[in-house]
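K.L.:
Give me the fold of what follows.
(2 chains)
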Amino acid sequence: QSALTQPASVSGSPGQSITISCTGTSSDVGGYNYVSWYQQHPGKAPKLMIYDVSNRPSGVSNRFSGSKSGNTASLTISGLQADDEADYYCSSYTTSSTLGVFGTGTKVTVL
Amino acid sequence: EVQLVESGGGLIQPGGSLRLSCAASGFTVSSNYMSWVRQAPGKGLEWVSVIYSGGTTYYADSVKGRFTISRDNSKNMVYLQMESLRAEDTAVYYCTRDGSSGWYSEIWGQGTLLIVSS
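P.N.:
I've put the predicted structure just below:
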């Protein structure tokens, strides 16, 4: 099972909005509403930010939102803050595996 | 407080065996899907194994036949027994609790580092 495709890096200035894409196929992202997003700061464990495409866990800022169109899911961070600088990974259910599949990861830089 | 704490990582020679442990608190492991996810140094995340509440287990192709996930309900622990270790198994191993749909990890431990090297 190949990893989902994410841009290697995305950057933005404080206060701006950025969007991270996660591209798969109809066997994973496009076929099911089981896309999740994780934030990982250096040396730390990942943290769930979005699940089932667009749901936010309790405690996650509403500046983070998720959506999906066709085979591509997206994570949007609005009102970018310095602490948003981290690596972000998407993940999805896939028919090609009994486990999920992660994306390649995106490094977000706050300019 | 809901928490996962991994232990058991370390330096092991290729071909060796090791067992990782994951201590859960604030919830019951037997009522949840529990997974192991690993991250090689400087690399992305990789699903390794899952154990369902009913006891069914699944593995990544890269570890199938070498790794075994299990749990001890009386101790509220999850384990990952690793055999025939290879250099490419070197990674931080995270224990996770999966969410209600089963396809996301809502709680993560701090991770334990395994280094396979001679």
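K.L.:
Give me the nearest residue to the residue nearest the centre of chain B, chain neighbours excluded.
P.N.:
Nearest to the geometric centre of chain B sits B:Trp36, at 3.0 Å (Cα atoms, centre = their mean). Once flanking residues are discounted, B:Trp36 sits nearest to B:Val48: 4.3 Å by Cβ to Cβ, 6 or more residues apart in numbering or on different chains. No exception for glycine: its C-beta is placed from N, CA and C like everyone else's.
K.L.:
can you count the residues close to that neighbour?
P.N.:
24 (other Cβ atoms under 10 Å in any protein chain shown).
K.L.:
does it really touch B:Asp61, like I thought?
P.N.:
No - counting by Cβ atoms under 8 Å, B:Val48 sits too far from B:Asp61 to count as a contact (10.8 Å).
K.L.:
Overlap of the contact sets of those two?
P.N.:
Common neighbours of B:Val48 and B:Asp61, counting by Cβ atoms under 8 Å, 6 or more residues apart in numbering or on different chains, are absent.
K.L.:
now the residue nearest to the centre of chain B: how far from B:Ala24?
P.N.:
Distance, B:Trp36 to B:Ala24, using Cβ to Cβ, to the nearest Å: 13 Å.
K.L.:
swap in B:Thr68?
P.N.:
In terms of Cβ to Cβ, B:Thr68 sits 18 Å off from B:Ala24.
K.L.:
Have a look at these two and say which one is more surrounded.
P.N.:
Taking other Cβ under 10 Å, B:Thr68 and B:Ala24 do not tie; B:Ala24 has more neighbours (23 against 16).
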